[in-house]
Every structure is written in structure tokens, then in C-alpha cells.
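# Here is my input, please return the structure:
(one chain, ligands or ions: 1)
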Amino acid sequence: MIITYTGPMHSGKSEKLMECYDKIYNKKNILVFKPSIDVRDYGVIKCKGRRKKINAIVIDKFEEILDYVNEDITNIFIDEVQFMQGDIKVLLKLSIMDDIDIYCAGLNTTGEQEPFGVMPGVMAISDKVINVYSSCNRCGRKATYTYYEGVKGEILVGDKGYLSLCRKCLKKALINRGDNRLEIRR
Ligand SMILES: [Zn+2]
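Alright, predicted model coming up:
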């Protein structure tokens, strides 16, 4: 089984992951992974308002998970899965052939409104996708978009320059900026 939590920044994706982790009694049967590119919380999963951190094994590719799996493993957690590389078929193999429950959390789109890296594939092979929302940084409505207000091409890892926005405030931001990213040429 593969369950994926997705949504914009600050939507509590990691928190959802941690809730699932907490509910599992025997932690010895769990493997937790994070991509190495996420340097702000290197090797740990944490979230606001929660003191306890979860240590994660730092990897770059899905294939590396196979080095850690043994027959005792029943659950795998992957945070910031949008940054992972490699073949998502690894997750299908672990879920179907090895009967491991996999929980993923990742950004749905980039700050430029592009589907984020491996996320379309991860979401496609998930048994269940749960969309979580954050609060719009501008107006307080439900935010479903991550918006980068910096200069395109200068994408930074981390929170700097990134906003969670609702549809209305995203539209406003794009118009104010004269940004045509959602213009369709045909
Ligand atoms: Zn708003």
C-alpha cells in the first residue's frame, strides 16, 4: 500500500507523516528516508509545534532504499519525496512484492506551478493521495499553491521567497507581476 500526502508548503504534510509514524507500535520495523538535497532539516523530519524529531536515512535515489530493506521491515516513510530521483517502480516493488506499507509526503507543484519532479508518478502509483492545504499568506483562505516570488531560475531549497497562496491571491500576484506562466499558446 502506498499513501501520499501532498499539497503546498506549510500545509502540514510532514506532520501527517509523523502522525502515521507515531501510530506504529514497533519502530524497529520502520525505515524513514529523506532526500539529501533538503539541507535545512538534514536527516530529520520535524514540524512546527512538535518537539520530537524523527531521524531519517539520507538518500538521493529510490533504488538506495533497497540497501536497507530486510524481511522485518513493514513500513517505509519518505519525506520531501518530490526531491527524490530514480525509478518510482522501486516503490511499487516494495509495496506489491514485499507487502510494505509506504507513506510519502511531498510538494505537488513547484513555486512556478509545474508538477514537481517525480510527484506525478508517485501520485499515480499511490493507493491513496491525500491533498492537504495551508493558509494563504496574503488573505488567510485555504491555500493550495506554492508561489515563488523571487526571480525565475534562482530556485533555492528552503522556505526563502516561497509563499502559500490561494487561487485568488496567486492570480493577483501573477497579474501584478505581468507573469504569463499560465498563458496557453496554441
Ligand atoms: Zn489568498
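# Can you report phi and psi for the most centrally placed residue in the chain?
For the chain, the residue sitting closest to the mean C-alpha position, by CA atoms, centre = their mean, is G106 at 1.0 Å. G106 adopts backbone torsions of phi -170, psi 160, taken as degrees, to the nearest 10.
# list the contacts for it?
Going by CB atoms under 8 Å, 6 or more residues apart in numbering, G106 touches 4-6, 13, 78-83, 116, 119, 122. C-betas here are computed from N, CA, C, even on glycine.
# Buried residues in stretch 128-136, which are they?
Judged by neighbour count (16 or more other CB atoms under 10 Å), stretch 128-136 contains these buried residues: V129, V132, Y133, S134, C136.
# List, out of these, those positioned next to the ion.
Among the buried residues of stretch 128-136, the residues that sit close to the ion (CB under 5 Å from the ion) are C136.
# out of the buried residues of stretch 128-136, who's nearest the ion?
The nearest member of these to the ion, counting by CB to the ion, is C136 at 3.2 Å.
# The closest one contacts T144, correct?
No: counting by CB atoms under 8 Å, C136 does not reach T144; the two are 9.1 Å apart.
# Need the distance between the two termini of stretch 59-67.
End-to-end distance of stretch 59-67: 11 Å, with CA to CA, to the nearest Å as the criterion.
# Same question for stretch 93-107.
End-to-end for stretch 93-107, by CA to CA: 23 Å.
# Fine by me, thanks again.
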